[in-house]
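Engineer: Predicted coordinates and the sequence they were generated for:
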Amino acid sequence: MIDPKLNEFIVALPKAELHLHIEGTLEPELIFELARRNNIKLNYASEGELRRAYAFKDLQSFLDLYYAGASVLITERDFYDMTMAYLKRAQADGVCHTEIMFDPQTHTERGVAIETVFAGIARAVREMQQQAGLTSYLLMSFLRHLSEESAFETLEAALPLREQYKDIWVGIGLDSAEVGNPPDKFQRVFTRCKELGFRLVAHAGEEGPPQYVRDALDLLHVDRIDHGVRSEEDPDLVKRLIREQIPLTVCPLSNLKLCVVDDMQDHNIARLLRQGLVVTVNSDDPAYFGGYVGDNYRAIATSLKLSKAELAKLADNSLVASFLPGYRKNQLRQQLQAML
Ligand code: ADE
Ligand code: ZN
């Protein structure tokens with residue numbers, strides 16, 4: 001159990017969540033509700049049975065369930081409901097800004113129009129911004145188990161929507177099965193996205209080797225690395241990440257659930273932080289991994305005995321590593337300093 005005072009401190013920290021798959025926020029209750037609404041038959045008899053299946057041995061065993069869960073998303077309202085539910089939970093955790101990944105190919109492959117995906121997510125994002133001041137950016141992500149050609153097709157399909165969503169759609173990501181799908185597979189499409197002026201992120205060094213982190217930097221020219229925890233195996237890479245202040249969006253509960261680490265007490269986020277890496281705390285797929293961003297802060301605070309100053313540094317890193325404009329970053333960082 002966490003000390004209530006420490007919990008209050010964690011919630012009060014102004015923080016950004018930078019590594020979040022919106023499809024990974026679908027709680028079993030909402031999966032069942034959307035399945036009923038859309039007349040979709042699920043392979044599980046109840047919400048409890050579905051939740052009990054969330055025992056993963058690796059990334060792929062999770063991805064199989066995650067894509068099955070996303071199959072209940074059909075209408076604009078479904079994407080809106082999912083996004084709004086997440087934003088409310090993020091707000092309750094003291095999140096002031098989020099950068100949300102979504103995977104259009106998961107939906108277009110099932111015949112859902114990309115316009116529907118954008119519209120539902122964006123409506124919730126804009127509503128929450130107006131009503132509560134919680135800002136969000138969108139990172140459209142390519143599935144790396146599919147071809148680069150499919151990524152190019154997705155980009156072409158989305159570009160006509162760019163003007164309509166230019167206030168929120170700022171970047172491009174790369175996710176799904178990492179090992180066997182190295183960064184170089186997506187070098188041409190990422191080059192194109194950079195030319196188009198998008199901010200770039202890629203998952204690397206979650207299950208894949210440190211070389212994938214190097215290649216994400218050198219071949220894809222990403223601004224941040226999603227996960228990156230395996231970078232620690234390569235001391236020269238660690239030195240580079242410190243020197244270049246490349247942010248890592250670390251997801252402690254995800255790493256535990258997907259057996260990237262065996263025990264939270266062994267997680268390297270505290271070591272990386274203490275060496276001077278720009279590490280941040282995020283929830284990845286909170287409905288599947290046992291907690292939202294606040295739960296991730298609480299888990300590492302207790303397991304790794306982080307000080308308040310270290311927790312505040314993690315929150316500050318999240319503001320620094322965000323794609324917010326400089327003036328807004330400064331405002332939020334000042335709020336954080338004022339709280340301390
Ligand atoms: N898609 C959703 N969550 C992911 C993760 N942790 N790694 C890779 N792809 C993902
Ligand atoms: Zn992820």
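Structural biologist: Now that the structure is in, tell me what you want to look at. Ligands and ions are numbered 1, 2, ... in the order given.

Engineer: Give me the neighbour count for the closest residue to ligand 1 within the chain.
Structural biologist: Nearest to ligand 1 in the chain, going by Cβ to the nearest ligand atom, is D175, at a distance of 3.6 Å. Heads up, the C-betas are built off the backbone N, CA and C, glycines and all. D175 has 26 neighbours, counted by other Cβ atoms under 10 Å.

Engineer: tell me which strands and helices the helix ranked longest in the chain is in contact with?
Structural biologist: Counting by DSSP state H, the longest helix found in the chain is helix 114-132. Judged by 3 or more Cβ pairs under 8 Å, 6 or more residues apart in numbering; DSSP states H and E, helix 114-132 is in contact with helix 76-92, strand 95-102, helix 104-108, strand 135-143, helix 148-158.

Engineer: Give me the neighbour count for N282.
Structural biologist: Neighbour number of N282 under other Cβ under 10 Å is 27.

Engineer: ok, it - contacts?
Structural biologist: By Cβ atoms under 8 Å, 6 or more residues apart in numbering, the residues touching N282 are 17-20, 249-251, 293, 296, 318.

Engineer: Straight-line length of stretch 89-108, end to end?
Structural biologist: Taking Cα to Cα, to the nearest Å, the first and last residues of stretch 89-108 lie 27 Å apart.

Engineer: Can you list the buried residues in that stretch?
Structural biologist: Buried residues in stretch 89-108, counted by 16 or more other Cβ atoms under 10 Å: 89-91, 93-108.

Engineer: can you map out the strands along the protein?
Structural biologist: 15-21, 95-102, 135-143, 169-175, 199-204, 224-227, 248-250, 279-281 (DSSP state E).

Engineer: how about the longest helix of the chain: buried residues?
Structural biologist: 114, 116-125, 128-129.

Engineer: Same question for stretch 54-72.
Structural biologist: So, applying 16+ other Cβ under 10 Å, buried residues of stretch 54-72: 54, 56, 59, 62-63, 65-67, 69-72.

Engineer: Now render the helices and strands packed on helix 114-132 as a markdown table, adding mean pLDDT and distance to Q211.
Structural biologist: Formatted as a markdown table, the helices and strands packed on helix 114-132 follow (pLDDT from 0 to 100; distance: least, Cβ to Cβ, whole Å):
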| stretch | mean pLDDT | distance to Q211 |
| --- | --- | --- |
| helix 76-92 | 99 | 33 |
| strand 95-102 | 98 | 23 |
| helix 104-108 | 98 | 25 |
| strand 135-143 | 99 | 20 |
| helix 148-158 | 99 | 19 |
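
Engineer: Can you add distance to V261 and give the ones you listed back as JSON lines?
Structural biologist: Listed next are the helices and strands packed on helix 114-132 as JSON lines, based on distance: least, Cβ to Cβ, whole Å:
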{"stretch": "helix 76-92", "distance to V261": "24"}
{"stretch": "strand 95-102", "distance to V261": "22"}
{"stretch": "helix 104-108", "distance to V261": "27"}
{"stretch": "strand 135-143", "distance to V261": "24"}
{"stretch": "helix 148-158", "distance to V261": "30"}
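
Engineer: what's the closest non-adjacent residue to P247?
Structural biologist: Nearest residue to P247, sequence neighbours excluded (Cβ to Cβ, 6 or more residues apart in numbering): A321, at 3.4 Å.

Engineer: who's in contact with the one you found?
Structural biologist: With contact set as Cβ under 8 Å, 6+ apart, A321 has these partners: 16, 18, 224, 247, 249, 278, 280.

Engineer: can you give me phi and psi for A53?
Structural biologist: Backbone torsions of A53, given as degrees, to the nearest 10, read phi -80, psi -10.

Engineer: let me redo that: Y292
Structural biologist: phi -90, psi -170.

Engineer: since we're on it, how many residues are nearby?
Structural biologist: Residues contacting Y292 under the criterion other Cβ under 10 Å number 22.
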